[in-house]
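Student: structure for this input, please:
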Amino acid sequence: MKKNLTLFLMGGTLYPSLEILCRGKTDFSMALAGGACVCLIDSVCNGKLHAMPLSVKCFAGSGIITAVEFCTGVVVNIILKLNVWDYSQMPMNILGQICIPFSILWYAATIPAMLLGTCCSRFAAAHAEK
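Tutor: Residues are numbered from 1 along each chain as shown. Have a look, this model is predicted:
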């Protein structure tokens, strides 16, 4: 529980920070999505898929991030009409909420997300022994 809260807070802080650096702005929903993604990636990629090759883990992580992005986008952009992002000009997009180019980026972003989970687990284990 403590590990998941830590991962959620880390993902919820790091992703919006990166977005501010790259886009100059962010939205509170990105903190929720970032936190959820890091927790899910840790559970799936570092958990259930721990013995699988890195490429398989990155593919799964990309799917996780893309799914969270789609669900968040439907709520935030379509239902609430907050217009946080719009990928409608990007190739192979779905409802302007997800697209292939960003899913490829999320493939690579899975690696640091997995590392956060691994570091958090090692830190917790080291402090549990004391």
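
Student: give me the number of residues near the closest residue to residue 94 other than its chain neighbours?
Tutor: Spatial nearest neighbour of residue 94, excluding adjacent residues (C-beta to C-beta, 6 or more residues apart in numbering): residue 70 at 6.9 Å. Yep, even glycine has a C-beta here, placed from its N, CA and C like the rest. Residue 70: 14 surrounding residues under other C-beta atoms under 10 Å.

Student: wait, a helix at residue 40?
Tutor: Yes: counting by DSSP: H, G, I helix; E, B strand; the rest coil, residue 40 is part of a helix.

Student: so who does it touch?
Tutor: Taking C-beta atoms under 8 Å, 6 or more residues apart in numbering, we find residue 40 in contact with 64, 68.

Student: 6 Å instead, please
Tutor: residue 64 (C-beta atoms under 6 Å, 6 or more residues apart in numbering).
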